[in-house]
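Enquirer: Take a look and give me a structure for this.
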Amino acid sequence: MCTTAQAALCKATAGHRQLVLQLGGSSDGPRLREERCRRSTEARELSTGLRRVLLAGLQQTPLSPLERRELERLWVLFLSTLELFLQDLHRAHHLCQLFSTQGGGVAPLHTGLGGWQLPGRRAGCPVQPPATQCLEEEIEQVRVMLAEMESRANIPPWTVEATETTQPAGKGSTAVGGNWGGSRAGHCCGVL
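Expert: Residues are numbered from 1 along each chain as shown. Next up, the predicted model:
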């Protein structure tokens, strides 16, 4: 269950990152920003659920060593994902400040196409709440979650052994891999 939730979280944060990278570009607009907000909410909800399950699993005493190692590995991947998500939220906050859609329907970039108006604007009333205030709240929620997680489970990332192999199934280690990593050649961390 944790592995599935971790995969869903990685997918949500990767989608969020792609939307953040489009802020301020020619495809920026209310729909992009609404989708970014939706993806951010999805990622925060997945994070909350996964955090709860991982903490409960790590606080159980009768864990087998194999189960404990797997939960610790997922914990480190989860912290890494959250740190990247927090960086993306900071980037989105900065870009939303630079390229505000609140300025009366003016496109953030002048691409040569004229007459672009923000949909839903009538009689000068903005439909969107200020994006920067919303993003500041999101940043604070993720920052608090990250700080809480780091303090509640004392799992140094360097103590977690990777379990993924980089070699295709059925192939032995190469001479370079054998010299590079000894008996542990081919191991790496899971890709986010």
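Enquirer: And residue 98, what's its pLDDT?
Expert: pLDDT, residue 98: 86.
Enquirer: Have a look at the protein and report its longest helix.
Expert: Secondary structure of the chain per DSSP state H: the longest helix is helix 65-98.
Enquirer: Next, the buried residues of the helix or strand harbouring residue 46.
Expert: Element membership of residue 46 [criterion: DSSP states H and E] is helix 30-59. By neighbour count with 16 or more other Cβ atoms under 10 Å, helix 30-59 contains the buried residues 32-33, 36-37, 39-40, 42-44, 46-47, 50-51, 54, 57-58. Backbone N, C-alpha and C define where each C-beta goes, glycine included.
Enquirer: Going by distance to residue 15, which of those wins?
Expert: Nearest to residue 15 among these, counting by Cβ to Cβ, is residue 39 at 5.1 Å.
Enquirer: How much space separates the closest one from residue 70?
Expert: As judged by Cβ to Cβ, to the nearest Å, residue 39 and residue 70 stand 27 Å apart.
Enquirer: cool, and residue 26?
Expert: Distance, residue 26 to residue 70, by Cβ to Cβ: 44 Å.
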